[in-house]
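Q: fold the following, please.
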Amino acid sequence: MAIWKRDIDLNVLNETSKNTLIEHLQIQYTDFDDNSISATMPVCSFTHQPLGMLHGGASVVLAETLGSVAANFCVESGAYCVGLDINANHIRSMRNGLVIGKAEPLHLGVTTQVWQINITDERDRLVCTSRLTVAVKRK
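A: Just a heads-up that it's a prediction; the model follows:
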């Protein structure tokens, strides 16, 4: 059974990223299933840190983007989610290519949600693992 309370349209999601940090980092929503949502981000000059490797902050942007979007699709109309805490462990460095982030729920509560976001390279090797906690608010 799907966790989503609203329909997900990847084209609409990608369109709403216009003029945001998400667009600037070229994050693209690519896939979803009953329990997860995924996106990609290039590893290149604008996601590098000064040593020419993927910036940990860029990985965290991808993780928070996926977790926040997913969280907001898991609440009824009239509710919304905002980030409370995020952590990330950077496992593998990358200099170029594409990373793929996948967000899956660990806890979908009434007042909080916890999401696990794993970021892998194109060979499915773990690059970063992150956990995002969000608060569920009412409008």
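
Q: how long is stretch 92-101 from one end to the other?
A: 14 Å (C-alpha to C-alpha, to the nearest Å).

Q: residue 71: neighbouring residues, count only.
A: 26 (other C-beta atoms under 10 Å). (C-beta placed from N, C-alpha, C; glycine too.)

Q: my guess is it contacts residue 117, does it?
A: No. Using C-beta atoms under 8 Å as the test, residue 71 is too far from residue 117 to be in contact (11.1 Å).

Q: tell me the residue furthest from the middle of this structure?
A: residue 51 (24.3 Å; C-alpha atoms, centre = their mean).

Q: can you check the pLDDT for residue 1?
A: pLDDT for residue 1: 81.

Q: ok, residue 93 next?
A: 98.

Q: again, but for residue 139
A: pLDDT, residue 139: 88.

Q: cool, and residue 99?
A: 98.

Q: looks like residue 43 contacts residue 97 (just checking).
A: Yes. Here residue 43 reaches residue 97: they are 5.1 Å apart, a contact under C-beta under 8 Å.

Q: okay, the two: which has more neighbours?
A: Neighbours per residue (other C-beta under 10 Å) separate residue 43 from residue 97, with residue 43 holding more: 22 against 13.

Q: which residues do residue 71 and residue 117 both contact?
A: Residues touching both residue 71 and residue 117 (C-beta atoms under 8 Å, 6 or more residues apart in numbering): residue 132.

Q: pull the number of nearby residues for residue 22.
A: Around residue 22 there are 21 residues (other C-beta under 10 Å).

Q: phi, psi of it?
A: phi -60, psi -50 (degrees, to the nearest 10).

Q: tell me who's in contact with it.
A: 61, 65 are the contacts of residue 22 under C-beta under 8 Å, 6+ apart.

Q: who are the packing partners of the longest helix along the chain?
A: In the chain, assigned by DSSP state H, the helix with the most residues is helix 56-72. Under the contact definition 3 or more C-beta pairs under 8 Å, 6 or more residues apart in numbering; DSSP states H and E, helix 56-72 sits against helix 21-24, strand 37-43, strand 79-90, strand 97-108, strand 112-120, strand 126-138.

Q: I'm done for today, thanks for sticking with me.
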